[in-house]
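Novice: mind folding the following:
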Amino acid sequence: MVALPSLDAIRLAAARLEGVLRHTPLVPLHTWDEGTSDVLLKLETLQPVRSFKIRGVFFAVASLSPEARQAGVSTVSAGNTAQALAWAARHFGVAARSLMPDSAPVSKRQAVEAYGGTPVLVPVDELFRYLREKGWESEPWSFVHPWIDRAVMTGHGSLGLEILEDAPDVESVFVPVGGGGLLAGVGAAVKALKPRVKIYAVEPEGCPSLAAALAAGRPVTVPCKTLCDGVAVPYITEEMFPLLRSLVDEMVTVSEDAVKAAMRRLALENKLVAEGAGALSVAAALQVPAAARGRSVCIVSGGNVDPDKLVSILQ
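Specialist: Below you'll find the predicted structure:
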């Protein structure tokens, strides 16, 4: 049984991460009028591996015993978790291996190698079969699950603490959802301290696994085709579903065109590079009426995008 991290555990994780990772800033979404934007951007693109994943992954690796770490660490990832694992493994002087879909962006594969990790490319179906069948249990590596690992969720919760510290008047937080680890951590922290803050869970229309699960009342598998590769997870696990359902106030799905428009706006107006999954929260906030969402924080979760894809979207 997986449980949400406690506020005390999240605070301990935040203290452990201090000095290792960045307390990332909140900046207003650029507007062309003289008013101040009521949408704030939480820039996880400024983390060492250019995504929020380093929070939970580093804390999970740091929480292992020295003997477990020395065996090497592994994970399953579309790219950002793999980069975070490689970075954390290098920090501790151990090996890192990540199973990645053979469709993963070349830039993400190369980044994993640059941080000292080993990407192992497999077909997408095989990758999810490995997760469902818990293939890591027969391997010598210490496995860091990208979603259901409680230490991962706890580390991600540090992001929620930072949001409330820097924007105590926040009324809603927009969180992109893949496997749900970020939503679980941030939601647990925010709801523990300010339960009235509204949590918007955001998915692309091309991979609405949580939206479909909430509609069905149980986890279901959905077709998954989206430019938001960082959240391209076709199902919510049985372990994560009740946790996420308990945290979500509103579910928002956004079109691929809306994601592209948000990426363009962030690049051209805020001068920020965001990958598809990183722009999801902004796309959602722009389609929710301001009166409904109030003063909002959008988690810009990552900026690891293939240059060719970014150029094509900007054009």
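
Novice: what segments of the stretch 151-300 of the chain are helices?
Specialist: 181-193, 209-216, 241-247, 256-268, 276-287, 290-293 (DSSP state H, counting those that start in this stretch).

Novice: so where is this protein shaky, pLDDT-wise?
Specialist: Applying pLDDT under 70 to the chain picks out residues 34-36.

Novice: what residue lies at the spatial centre of it?
Specialist: L182 (5.0 Å; Cα atoms, centre = their mean).

Novice: and the residue lying closest to that one once chain neighbours are set aside, how many residues sit next to it?
Specialist: Leaving aside its sequence neighbours, L182 sits nearest to H156 (Cβ to Cβ, 6 or more residues apart in numbering; 5.1 Å). In this view, the C-beta of every residue, glycine as well, is placed from N, C-alpha and C. Using other Cβ atoms under 10 Å, H156 has 29 neighbouring residues.

Novice: returning to that earlier point: tabulate the helices of the stretch 151-300 of the chain in JSON lines, adding columns for distance to S142.
Specialist: Listed next are these as JSON lines, based on distance: least, Cβ to Cβ, whole Å:
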{"stretch": "helix 181-193", "distance to S142": "17"}
{"stretch": "helix 209-216", "distance to S142": "27"}
{"stretch": "helix 241-247", "distance to S142": "23"}
{"stretch": "helix 256-268", "distance to S142": "35"}
{"stretch": "helix 276-287", "distance to S142": "26"}
{"stretch": "helix 290-293", "distance to S142": "40"}
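
Novice: among these, which is nearest T81?
Specialist: Set against T81 and scored by Cβ to Cβ, the helices of the stretch 151-300 of the chain come closest in helix 181-193, at 9.0 Å.

Novice: care to break the protein down by domain?
Specialist: Following automatic domain parsing, the chain resolves into domains at 7-51+150-314, 54-143.

Novice: could you check the angle whatever helix or strand T81 lives in makes with helix 181-193?
Specialist: Using DSSP states H and E, the element containing T81 is helix 80-92. Relative orientation of helix 80-92 versus helix 181-193 (axes from the mean of the first three to the mean of the last three Cα atoms, to 10 degrees): 80 degrees.

Novice: pull out the buried positions in stretch 301-310.
Specialist: 301-305, 309-310 (16 or more other Cβ atoms under 10 Å).

Novice: among those, which one lies nearest to W141?
Specialist: Checking the buried residues of stretch 301-310 one by one against W141 (Cβ to Cβ), the nearest turns out to be N304, at 23.4 Å.

Novice: how close does the closest one sit to V112?
Specialist: 10 Å (Cβ to Cβ, to the nearest Å).

Novice: quick check: neighbours shared by the two?
Specialist: Shared contacts of N304 and V112 (Cβ atoms under 8 Å, 6 or more residues apart in numbering): 79, 83.

Novice: for the residue nearest to the centre of the chain, give me its contacts.
Specialist: 52, 56, 156, 159, 175-176, 299, 301.
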